[in-house]
Structures are given as C-alpha cells and as structure tokens.
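Undergrad: one predicted model, sequence on top.
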Amino acid sequence: MLSKKPLKPATPSGFTLVELLVVIAIIGILIGMLLPAVQAVRAAARRTTCANNIRQIALAVHNYESANQQFPVNQIGPGVFDSDLGGNETGYYSWLVPLLPYIEQNNLHDSFDLRYNNGDGDSYKVSNTHHNAPAVATLVTTFMCPSDFPNLENAIILGSANPAPSSYAGNAGWPSYATGYAEERSTPGRHNGAIALIHPSAPVSWHTRTVGMNSFRDGTSNTALLAERLIQSGNSAQAINEGDKRLRSLHILERYEVLDEIIDQMSSSHAHVFESAHIGRSWSSGTPLVAPTYMHVQPPNSVIGHYNTSMDEGDFVVTASSRHASGVNMALVDGSIRFVTDTVSKEVWWAAGSRDDGRTETISD
C-alpha cells in the first residue's frame with residue numbers, strides 16, 4: 001500500500017496587504033514629487049504664451065505707427081453730439097481698437113461703427129442694441145493672458161452688450177498730480193507715457209494728442225509700452241471687498257506730491273467699490289474706469305488708486321499686475337519683452353513709465 005505524502009501549502013500569489021500599502025505610498029510620493037514639476041512647466045508655458053501676446057501687440061503698435069506716424073490713442077470720453085448723426089460722434093474707444101487690423105482682426109475692426117460713440121448716448125456703457133454690441137462682446141485671445149481667469153459676465157457693470165475684457169494695458173505714464181522724483185516736475189504734469197490720452201469733446205490741458213517715435217527722449221529701450229494688468233471679477237461689493245486686494249482702488253488725496261508721497265498715501269487709504277468694479281472689463285472701452293491703461297507709480301502687483309476730481313481725465317493709478325509668480329510681462333517701446341519682478345526699484349519703475357523725464361534707467365529681466 002502506497003503511503004501519501006503530505007501536501008505542500010500553496011504558494012500565495014499577488015501582494016500582501018503590507019506590500020500593497022508600500023506600493024501605494026511610493027506612488028503617492030512620486031506623484032507628490034511630479035505634480036509641482038508639472039505645474040511649474042504649465043506656469044512657464046502660460047507665461048511664455050502671455051509674453052508672445054504682448055510681443056504681438058507691441059509689433060502691432062509699431063506697424064500702426066509706421067502707417068500713421070503716431071501711436072494709437074485712448075479716448076477717455078465721449079464724442080460731441082451730432083444731430084445729423086442722431087447721436088454722439090466717435091469717443092470712448094480704447095487704443096486697442098485701431099490695432100485690430102494689425103493683429104489679423106480686420107473683420108472685427110470693420111464691424112465697429114467708428115462714427116458713433118462707443119457707448120449709449122454719451123455714456124461708456126454699451127447696451128445690446130448699440131451698433132457696436134457684437135464687436136465689444138467679442139473675446140480676442142491675443143488680449144487675454146492664459147493665467148488670468150476673469151469673470152466674463154460684465155453686463156451688470158458695463159451694459160447688456162456684455163463687453164469682453166483684456167489682460168493688457170498701455171503705459172499712460174505718471175498721474176498729472178505727480179511732481180516727479182523730487183518736485184522737479186511742473187504741475188499739473190504733462191502726459192509722459194507711451195499711449196496718449198484724449199477727450200474728444202472736452203480737451204484736457206495736460207493731455208498729449210500725439211505720441212510718436214520721436215517723443216521718447218529717454219530712449220525707446222528705456223520706456224514701457226504695455227504690461228499685464230489683472231481683470232476685476234467681482235460683481236458685488238462683497239465680492240470686490242473680499243477679492244484680490246490688487247483690484248481694490250484706494251482713494252488718493254487731491255494734491256500735488258512727489259511719487260513716493262503718492263505711494264505712501266495709497267498704503268494708508270481706503271478702497272472704493274465703484275472705482276474698483278470696472279478694472280479691465282472691456283478691451284474696447286477707453287473710459288478711465290475700465291480702459292486698458294495703467295500708470296507707473298506703484299511697482300508691479302501693488303495696490304492701485306484714484307483721484308476723485310481728476311480720474312475722469314485719465315488719472316487712474318492702475319498698477320501692472322499678473323498671476324505669474326513674482327512679476328509681470330512687459331514690452332518696451334522698442335518692442336523688446338521683459339519680465340519685471342515685483343522687487344524692481346521704485347526709481348527704475350518710475351523712469352520706465354516716463355518717456356521724457358531725463359532719466360535712462362533700464363529695466364532688465
């Protein structure tokens with residue numbers, strides 16, 4: 001009779017619970033190490049795309065200047081009423097509107113009826129029955145930074161046409177109240193930026209109607225042309241007050257002061273909801289409340305401010321800002337692109353904002 005050999009226990013297959021937990025932990029660590037790298041690559045790609053947008057706009061300005069012997073202008077007010085036209089003449093158009101043919105947006109440009117004010121009556125608000133309603137509502141990707149995620153519901157602030165926003169703003173220089181570095185500037189100071197401000201129906205004494213290449217006495221490589229500026233997304237007082245502090249406009253006292261004193265006032269002031277609500281929400285509107293313009297007072301990603309009595313003339317001290325880490329993309333007048341850090345010195349930043357202050361500090365990456 002054959003004897004039976006004892007059966008060997010079956011060799012277990014697969015992972016034990018401990019081994020599975022170890023594998024999961026290793027995978028988690030690898031994902032944790034990889035995710036920041038992926039995010040950094042994506043952020044770098046968005047910053048590069050943003051810089052390319054700015055480069056396209058700067059090139060468009062150069063081509064416009066070659067064709068017209070001057071840079072585009074920003075209309076801060078409405079045109080005069082014309083009974084034959086049955087409305088107000090051209091006004092409230094931003095400096096980006098005439099650039100459209102130079103960024104391959106000819107059809108969009110032609111859809112604007114430039115005979116009329118870019119708003120209802122003499123207002124900057126655009127209803128859905130306005131001649132320009134479809135045009136102002138068109139989102140232009142070249143005007144949008146991929147790192148910014150604005151609220152595209154702008155009807156409550158700017159009218160039922162629901163104008164589309166812009167991430168980029170032209171350099172309007174220093175406010176007229178600024179007396180320079182050390183009171184060397186006469187008051188009110190003349191416009192000294194790259195993008196001229198004009199009021200079609202009520203000319204303003206400190207404005208400059210024409211800016212051309214020969215206007216940059218400090219050099220085209222030393223003067224800013226345009227930079228990034230964040231877009232307000234809050235549609236209520238609570239949303240604005242609890243939102244990004246860089247988009248809350250602080251009141252500045254109406255008095256002539258050196259640039260450093262203006263900054264000091266802005267740090268101790270209080271925010272106004274109305275002035276804050278409009279920032280950047282329409283690429284096509286030139287009204288100071290919403291226009292794609294900024295001023296060189298506060299360094300990038302600092303607070304912004306306004307004067308009650310002269311903001312309607314273009315004295316809106318909007319500051320360059322972005323969602324990129326530690327700085328903003330900028331184009332100089334010569335067309336070169338810089339990434340300007342938040343730690344740029346105030347003196348260099350002020351010099352970059354003025355085309356003719358006699359200082360030639362250079363912004364470098």
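TA: All right, it came through fine. Numbering: from 1, shown residues only.

Undergrad: report the central residue of this structure.
TA: Centrality entry for the chain: nearest residue to the mean C-alpha point is R229, 2.4 Å, by CA atoms, centre = their mean.

Undergrad: quick one: that one from F274, how far?
TA: 18 Å (CB to CB, to the nearest Å). Where you see a C-beta, it was placed from the backbone N, CA and C, and this is true even at glycine.

Undergrad: E313 now?
TA: Taking CB to CB as the measure, E313 falls 17 Å from F274.

Undergrad: tell me which of the two has more neighbours.
TA: When neighbours are counted by other CB atoms under 10 Å, E313 and F274 differ, and E313 comes out ahead with 21 against 12.

Undergrad: and R209, how many neighbours?
TA: If you count neighbours by other CB under 10 Å, R209 ends up with 11.

Undergrad: what do you get for K346?
TA: With other CB under 10 Å as criterion, K346 counts 16.

Undergrad: now it: closest residue in space that isn't a chain neighbour?
TA: Excluding its sequence neighbours, the residue lying closest to K346 (CB to CB, 6 or more residues apart in numbering) is P299, at 6.2 Å.

Undergrad: and if you look at W283?
TA: With CB to CB, 6+ apart as the criterion, W283 has its nearest non-adjacent residue at 3.4 Å, and that residue is S166.

Undergrad: just say helix, strand or coil for that neighbour.
TA: The assignment at S166 comes out as coil when based on DSSP: H, G, I helix; E, B strand; the rest coil.

Undergrad: now it: how far from N301?
TA: To N301, S166 is 18 Å away according to CB to CB.

Undergrad: looking at the two, which one has more neighbours?
TA: Neighbours were tallied for S166 and for N301 using other CB under 10 Å; the higher tally belongs to S166 (29 against 21).

Undergrad: check contacts around the more buried one.
TA: Taking CB atoms under 8 Å, 6 or more residues apart in numbering as the contact definition, S166 lies against 96, 140, 143-144, 231, 280, 282-283, 292.

Undergrad: any idea which of those residues has the most stuff around it?
TA: Within these, most neighbours by other CB under 10 Å means S282, with 33 neighbours.

Undergrad: just checking, that residue touches Q232?
TA: No. The pair formed by S282 and Q232 falls short of the contact definition of CB atoms under 8 Å, at 10.9 Å.

Undergrad: surely N107 is in a strand?
TA: No. According to three-state DSSP, N107 belongs to no strand; its state is helix.

Undergrad: residues near it, how many?
TA: In terms of burial, N107 registers 11 neighbours under the definition other CB under 10 Å.

Undergrad: cool, and V348?
TA: For V348, the tally of surrounding residues (other CB under 10 Å) stands at 18.

Undergrad: what do you get for A271?
TA: Using other CB under 10 Å, the number of residues around A271 comes to 18.

Undergrad: can you tell me the closest non-neighbouring residue to it?
TA: Counting by CB to CB, 6+ apart, A271 lies nearest to R248, which is 3.8 Å off, once chain neighbours are set aside.

Undergrad: that neighbour contacts V303, doesn't it?
TA: Yes. If you go by CB under 8 Å, R248 and V303 touch, sitting 7.2 Å apart.

Undergrad: next SSE after the lowest-mean-pLDDT helix or strand in the chain?
TA: Counting by mean pLDDT, DSSP states H and E, the weakest-scoring helix or strand in the chain turns out to be helix 17-68, with a mean of 84. Beyond helix 17-68 on the C-terminal side, the first helix or strand identified by DSSP states H and E is strand 73-75.

Undergrad: burial of the closest residue to N88 other than its chain neighbours, as a residue count?
TA: In space, and not counting its chain neighbours, N88 is closest to N117: 3.8 Å by CB to CB, 6+ apart. By the criterion of other CB under 10 Å, N117 has 32 neighbours.

Undergrad: gap between N117 and Y93?
TA: Applying CB to CB, one obtains 9 Å for the distance of N117 from Y93.

Undergrad: what touches both of these two?
TA: Among the neighbours of N117, none is also in contact with Y93 (CB under 8 Å, 6+ apart).

Undergrad: now the strands for this protein?
TA: 73-75, 81-82, 87-88, 168-171, 196-198, 224-228, 249-251, 271-272, 293-294, 304-306, 316-317, 327-332, 337-341 (DSSP state E).

Undergrad: nearest to S215, out of the ones you listed?
TA: S215 lies closest, by CB to CB, to one member of these: strand 196-198, at 9.0 Å.

Undergrad: residues in contact with the closest one?
TA: Counting contacts by CB under 8 Å, 6+ apart, the residues touching strand 196-198 from outside are 70-71, 73-76, 172, 191, 204, 207-211, 293, 313-314.

Undergrad: if we can go back for a sec, with distance to D260 added, can I get the strands of the chain in a markdown table?
TA: As requested, these are arranged in a markdown table below (distance: least, CB to CB, whole Å):
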| stretch | distance to D260 |
| --- | --- |
| strand 73-75 | 27 |
| strand 81-82 | 43 |
| strand 87-88 | 40 |
| strand 168-171 | 20 |
| strand 196-198 | 24 |
| strand 224-228 | 19 |
| strand 249-251 | 16 |
| strand 271-272 | 21 |
| strand 293-294 | 19 |
| strand 304-306 | 14 |
| strand 316-317 | 14 |
| strand 327-332 | 21 |
| strand 337-341 | 19 |
